[in-house]
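Q: can you look at this prediction? I've put the sequence above it.
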Amino acid sequence: MPGPILIFDSGVGGLSVVAELRRQLPGAALTYVCDNAMLPYGTRPDAWLVARILAVCEAAVTASGCAVLIVACNTASTLALDALRARLSVPVVGTVPAIKPAARLSRNRHVALLATSATVVRPYTERLIRDFASDCRVERVAADGLVVQAERRVAGETVDESAIRAALAPLWRSPTLDTLVLGCTHFPLLHREIAESAPWPVTLVDSSSAIARRTGQVVGDTAQRHAEDASLATAPDARLARGLARFGFAEPRLLPVG
């Protein structure tokens, strides 16, 4: 039997792609893995991140016997995708900010990228903007604090709506902005709060549909789903288990990382 689809993130942000994976690939088994022991990734040094991402993903691929790895983390993808593909024997699907579809959708040619402080300054991000949105005004807003609020949402805890509004406030300076890229997989978990904070209609764009579509092209709908999909974590605890259970995942097993 083919192995599961392995979904990796530093925390629970990768859960934002799970619904789309299940919609497009309803027969596929999923395994979720998070490096919550080292959350958040967005503010850590690049060299440390590359080494850590390689170590965690290599351990998770071995533990899960997966057929494909989804790096459901913009920070990790924009930094370590090439290194992962060189190191691992399974196909690797990355996650990058949805600049290209956002540029296609924007009527006013005014787009914003909401992401972590690491992602907004990556050379990879610069290339995406240059290649696909050169005719657009593209604003970049770092909102690392939203990662914490998304983690709270998944755990079933109350989010701090005032903190969310404060993080989003820099976006709402010009009413010509009509398209917002959610450039961190944590952020779609706060879709309602982000949409409701906008003073005028803004289209929110994320990468979940493209990730699922690309994964289907790589492996197809071949693996048999179990009653509960599996999960792994570098620091499993009851709070994380509750959050993963809400998305249909079994209690996380410890993932040792050498």
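A: All right, it came through fine. From a predicted model like this one, the values you see are computed outputs, not experimental measurements.

Q: hang on, P40 packs against T116?
A: Yes - proximity of P40 to T116 meets the contact threshold set by Cβ atoms under 8 Å, at 7.4 Å. Yep, even glycine has a C-beta here, placed from its N, CA and C like the rest.

Q: does the nearest residue to F249 once chain neighbours are set aside count as helix, strand or coil?
A: The shortest distance from F249 to any non-neighbouring residue, by Cβ to Cβ, 6 or more residues apart in numbering, is to S231 (4.3 Å). Secondary structure, DSSP: H, G, I helix; E, B strand; the rest coil: S231 is strand.

Q: sorry, back to before: looking at P40 and T116, which is more packed in?
A: T116 (28 against 21; other Cβ atoms under 10 Å).

Q: can you report how many residues lie near the closest residue to that one other than its chain neighbours?
A: Taking Cβ to Cβ, 6+ apart, and ignoring the residues beside it in sequence, T116 has G42 as its nearest neighbour in space, at 3.1 Å. As a burial measure, G42 scores 23 neighbours (other Cβ under 10 Å).

Q: now V257
A: V257: 15 neighbours (other Cβ under 10 Å).

Q: tell me the backbone dihedrals of it, please.
A: When quoted as degrees, to the nearest 10, the phi and psi of V257 stand at phi -120, psi 120.

Q: and it, what does it touch?
A: For V257, the contacting residues are 35, 55-56, 59, 234, by Cβ atoms under 8 Å, 6 or more residues apart in numbering.

Q: report the buried members of those residues.
A: Among those, the ones that count as buried by 16 or more other Cβ atoms under 10 Å are 35, 56, 59, 234.

Q: where in the protein is pLDDT low?
A: 1, 221-227 (pLDDT under 70).

Q: centroid-nearest residue for it?
A: T185 (2.6 Å; Cα atoms, centre = their mean).

Q: which one is that one nearest to, not counting chain neighbours?
A: Nearest non-adjacent residue to T185, counting by Cβ to Cβ, 6+ apart: G13, 3.7 Å away.

Q: for E161, same thing?
A: E193 (6.4 Å).

Q: again, but for T179
A: Closest to T179 by Cβ to Cβ, 6+ apart is S106, at 4.2 Å.

Q: residues near that neighbour, how many?
A: Other residues near S106 number 23, with proximity taken as other Cβ under 10 Å.

Q: ok, it to E228 distance?
A: Separation of S106 from E228 (Cβ to Cβ, to the nearest Å): 40 Å.

Q: in contact with the residue lying closest to F132 once chain neighbours are set aside, which residues?
A: Nearest residue to F132 in three dimensions, chain neighbours excluded: K100, at 4.0 Å (Cβ to Cβ, 6+ apart). The neighbours of K100, taking Cβ under 8 Å, 6+ apart as the test, are 128, 131-133.

Q: name the member of the residues you listed with the most neighbours.
A: For the contacts of K100, neighbours tallied by other Cβ under 10 Å; top is L128, 23 neighbours.

Q: checking my notes, it in a helix, right?
A: Yes - judged by three-state DSSP, L128 forms part of a helix.

Q: and the nearest residue in space to it that is not next to it in sequence, what are its phi and psi?
A: Nearest residue to L128, sequence neighbours excluded (Cβ to Cβ, 6+ apart): I99, at 4.2 Å. Dihedral angles of I99 (phi, psi; degrees, to the nearest 10) stand at phi -70, psi -40.
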